[in-house]
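Visitor: sequence plus predicted model, see below.
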Number of protein chains: 2
Amino acid sequence: MLVVKIGGTEGLNWDPICQDVLELHRQGRPVVLVHGGSAEANALGEALGHPPRFVTSPSGFTSRYTDARTLEIFAMAVLGRVNARLVERLLALGVPAVGLTGMDGYLLVARRKATIRVVENGKRKVLRGDYTGRIQEVRPDLVQRLVEGGYVPVVAPLAISTEGEMVNVDADRAAASLAGALKAQALVLLTAAPGLLRNFPDEASLIPRLAAHELEQAMAYAQGRMKKKVLAAQEALAQGVPQVIIADGRVQERPILAALEGAGTHIHAG
Amino acid sequence: MLVVKIGGTEGLNWDPICQDVLELHRQGRPVVLVHGGSAEANALGEALGHPPRFVTSPSGFTSRYTDARTLEIFAMAVLGRVNARLVERLLALGVPAVGLTGMDGYLLVARRKATIRVVENGKRKVLRGDYTGRIQEVRPDLVQRLVEGGYVPVVAPLAISTEGEMVNVDADRAAASLAGALKAQALVLLTAAPGLLRNFPDEASLIPRLAAHELEQAMAYAQGRMKKKVLAAQEALAQGVPQVIIADGRVQERPILAALEGAGTHIHAG
């Protein structure tokens, strides 16, 4: 089993990614896709007069402040747009894709963080009414049943809270949790960079291999969204996934297969 | 197996519908939900500056003209909003719902009608670039697999065309095709009326029972959207579903269970 996380449409090249999924499917290698969609959610929010608001946590992670309206916009964008179009693309190639969210069948159960601590203009603040969740439990049965049936699940980053509410979750970390629960052999995080760079944005400073114990240190040179990927890698390894690969999703050919063959940053347990 | 079609949010009362689904699930009676979402798609189109355009066919059926942008809006509304919220509501009650579209796993394969004939201001016209489909084939395997696993599928009215394109399909007729392919014992069409009325809108003129051969005649007094329901009933009966019930989705208590016990208009084969 392989779990592959891709972004929304921004910066990534869907066609070669879908071609690789087809190839893996033909080889009988089960694959589960997890995707994001922040750029689409932002664009839809702008178009609807409710632009996104990004906040930074005291520990330096950036995330979307998700009030009730933002959650609706996020769901329309990631599920009704990104997920539907990705499923359509895969089906057109002959891949029996099934679009899901982490809500379906209680796949991803999250603890809603209604109150979040943020730093704005150097000041600490508390924001309420947030619909973001931290994954607490994964029930992989639904995905396993679909994979056994020969389907390719495509999962949008929504989860159900322990109180029964829809919440937005981080797609990289959702992919890590899913990979752990599914006992995946590898988690591939495709991104708009060649992998983890020692001197961002110098692409020649790509780190080809890392051990799990070096990740804490790697967090220091990870910039922006890459911090979430390093965190996701840590979480996947801690949950028993033997290998996490951060690789380039922008390439014209074989992004997933090339990652499996050595491209990008390979992070191993131990 | 029972297939229940409900509308979007407009005019229907979701809570008692979801309660009934929970009751059926507890009784071990498999149920598949199919929903619409026209009102939500219209509202989203208005908000995004792309209002809906309705057209009437030469035979008197009203439908949405679905250009590429309208299809995107429709998908965001029916999948990202109606489907997600319905799944959320069911999960909160304890029903293991799984949101799907007719695209998933090639569940509903449609012939795209790129060119449609319409009548506008008494004149016949041809419109091109439409993304509406007529269902040509149902592959019920995915839904059967989910039902066998104890899940409750919730299906949004999108299908995949024979050319691999996402298309909008009529939800009533999608429910009829699904009921036929799943060999459902009954198809329940919940609507914002007590059933089929002989003298619309006089609710006292409800027709409690009809035989299949009387449907042609019934088409004469079906008004507006009800015409599609009568057509869907005909199609379901023709595909071997023994009973179709058109019943009131606005009631405060037991809309589905009451329909199964005799409320609404019951249409039987023969």
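Guide: Yes, it's here.
Visitor: off-centre distance for stretch A:52-66?
Guide: Here stretch A:52-66 is found 16 Å from its chain centre; the criterion is Cα atoms, centre = their mean, to the nearest Å.
Visitor: so which bits of it are buried?
Guide: The neighbour-count check on stretch A:52-66 (16 or more other Cβ atoms under 10 Å in any protein chain shown) flags A:52, A:55, A:63-66 as buried. Using the backbone N, CA and C atoms, a C-beta is placed for each residue, glycine as well.
Visitor: and for stretch A:240-259?
Guide: Under the neighbour-count criterion of 16+ other Cβ under 10 Å, stretch A:240-259 has A:241, A:243-249, A:251, A:254-256, A:258-259 buried.
Visitor: okay, among the residues you listed, which ones form the most distant pair?
Guide: Spatially, the most separated pair among these is A:Val241 and A:Val251, at 23.3 Å (Cβ to Cβ).
Visitor: thinking again about what came up before, adding pLDDT, secondary structure and distance to A:Leu190, write the buried residues of stretch A:240-259 out as CSV.
Guide: Converted to CSV, the buried residues of stretch A:240-259 look like this (pLDDT from 0 to 100; DSSP: H, G, I helix; E, B strand; the rest coil; distance: Cβ to Cβ, whole Å):
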residue, pLDDT, secondary structure, distance to A:Leu190
A:Val241, 98, coil, 16
A:Gln243, 97, strand, 15
A:Val244, 98, strand, 12
A:Ile245, 98, strand, 9
A:Ile246, 97, strand, 8
A:Ala247, 96, strand, 6
A:Asp248, 94, strand, 7
A:Gly249, 92, coil, 3
A:Val251, 91, coil, 9
A:Arg254, 96, coil, 12
A:Pro255, 96, helix, 6
A:Ile256, 97, helix, 7
A:Ala258, 97, helix, 10
A:Ala259, 98, helix, 7
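Visitor: and of these, the nearest to B:Leu182?
Guide: Taking Cβ to Cβ as the measure, B:Leu182 lies nearest A:Ile256 of the buried residues of stretch A:240-259, at 35.1 Å.
Visitor: doesn't A:Val188 make contact with that closest one?
Guide: Yes - if you go by Cβ atoms under 8 Å, A:Ile256 and A:Val188 touch, sitting 6.0 Å apart.
Visitor: list residues touching both of those two?
Guide: Common neighbours of A:Ile256 and A:Val188, using Cβ atoms under 8 Å, 6 or more residues apart in numbering or on different chains, are A:2, A:4, A:247.
Visitor: out of those residues, which is nearest to chain B?
Guide: Within those, the smallest distance to chain B is 18.5 Å, found for A:Val4 (Cβ to the nearest Cβ).
Visitor: keep the buried residues of stretch A:240-259, but drop any that are not near chain B.
Guide: The subset of those lying close to chain B, counting by Cβ under 8 Å from any Cβ of the partner chain, is empty.
Visitor: out of those, who's nearest A:Leu158?
Guide: Using Cβ to Cβ, A:Gly249 is the member of the buried residues of stretch A:240-259 that lies nearest A:Leu158, at 21.3 Å.
Visitor: now that closest one. Nearest residue, chain neighbours left out?
Guide: A:Leu190 (3.2 Å; Cβ to Cβ, 6 or more residues apart in numbering or on different chains).
Visitor: how near is the one you found to chain B?
Guide: Counting by Cβ to the nearest Cβ, to the nearest Å, the separation of A:Leu190 from chain B is 23 Å.
Visitor: what bridges to that residue?
Guide: Under the criterion DSSP bridges, A:Leu190 forms beta bridges with A:Ala247.
Visitor: so it makes contact with A:Leu257?
Guide: No - contact criterion Cβ under 8 Å: A:Leu190 and A:Leu257 do not qualify, at 11.8 Å.
Visitor: got a list of contacts for the helix or strand hosting A:Ala179?
Guide: If you go by DSSP states H and E, A:Ala179 is part of helix A:171-181. Residues outside helix A:171-181 that contact it (Cβ under 8 Å, 6+ apart) are A:3-5, A:7, A:32, A:34-37, A:102, A:107-108, A:135, A:138-140, A:143, A:155, A:157, A:159, A:184, A:186-187, A:189, A:228-229, A:231-233, A:235-236, A:238-241, A:244.
Visitor: direction included, what does the helix or strand of chain A with the lowest mean pLDDT pair up with?
Guide: Least confident helix or strand of chain A, by mean pLDDT, DSSP states H and E, is strand A:62-64 with a mean of 80. Under the criterion DSSP bridges, strand A:62-64 sits next to strand A:54-56 (antiparallel) in its sheet.
Visitor: mean confidence score for the partner strand?
Guide: Regarding strand A:54-56, the rounded mean pLDDT is 90.
Visitor: equivalent analysis for stretch A:211-220, please.
Guide: Rounded mean pLDDT across stretch A:211-220 is 91.
Visitor: ends of it, how far apart?
Guide: 15 Å (Cα to Cα, to the nearest Å).
Visitor: check which residues of that stretch are buried.
Guide: Those would be A:212, A:215, A:218, for stretch A:211-220 by 16+ other Cβ under 10 Å.
Visitor: again, but for stretch A:85-100
Guide: Those would be A:85-92, A:95-100, for stretch A:85-100 by 16+ other Cβ under 10 Å.
Visitor: can you show me the helices along the stretch 51-200 of chain A?
Guide: Taking DSSP state H, counting those that start in this stretch as the criterion, the stretch 51-200 of chain A contains helices spanning A:68-77, A:84-93, A:141-148, A:171-181.
Visitor: specify the angle between the third one and helix A:171-181 in degrees.
Guide: What that stands for is helix A:141-148. Angle, helix A:141-148 to helix A:171-181, by axes from the mean of the first three to the mean of the last three Cα atoms, to 10 degrees: 70 degrees.
Visitor: for helix A:141-148, buried residues please.
Guide: Quick answer for helix A:141-148 (16+ other Cβ under 10 Å): A:141-147.
Visitor: quick check, nearest of the residues you listed to B:Asp170?
Guide: B:Asp170 has its nearest neighbour among these in A:Leu146, at 27.0 Å by Cβ to Cβ.
Visitor: list the contacts of the nearest residue to the closest one once chain neighbours are set aside.
Guide: Excluding its sequence neighbours, the residue lying closest to A:Leu146 (Cβ to Cβ, 6+ apart) is A:Pro153, at 5.1 Å. Contact analysis of A:Pro153 by Cβ under 8 Å, 6+ apart lists A:32-33, A:97-98, A:100, A:143, A:146-147.
Visitor: which pair in the residues you listed spans the largest distance?
Guide: Top of the distance list for the contacts of A:Pro153 (Cβ to Cβ): A:Ala97 and A:Val143, 12.8 Å.
Visitor: got the residues of the stretch 51-200 of chain A near chain B?
Guide: Going by Cβ under 8 Å from any Cβ, the residues of the stretch 51-200 of chain A near chain B are A:72, A:75-81, A:83-85, A:87-88, A:91-93, A:96-101, A:103-106, A:141-142, A:145-146, A:149, A:151, A:158, A:160, A:163-166.
Visitor: next one: phi and psi at the closest residue to A:Ile160 other than its chain neighbours?
Guide: Leaving aside its chain neighbours, A:Ile160 sits nearest to A:Met103 (4.4 Å; criterion: Cβ to Cβ, 6+ apart). A:Met103 adopts backbone torsions of phi -70, psi -40, taken as degrees, to the nearest 10.
Visitor: which SSE is the residue nearest to A:Asp172 when sequence neighbours are not counted in?
Guide: Of all residues not flanking A:Asp172 in the chain, A:Ala232 sits nearest, at 3.9 Å (Cβ to Cβ, 6+ apart). When elements are assigned from DSSP H and E, A:Ala232 belongs to helix A:225-238.
Visitor: what about chain A, any weak spots by pLDDT?
Guide: A:8-11 (pLDDT under 70).
Visitor: SS state for the residue lying closest to A:Val154 once chain neighbours are set aside?
Guide: In space, and not counting its chain neighbours, A:Val154 is closest to A:Leu33: 4.6 Å by Cβ to Cβ, 6+ apart. Following DSSP: H, G, I helix; E, B strand; the rest coil, A:Leu33 is assigned to strand.
Visitor: for A:Leu33, give the beta-bridge partners.
Guide: Counting by DSSP bridges, the residues bridging with A:Leu33 are A:Val4, A:Val154.
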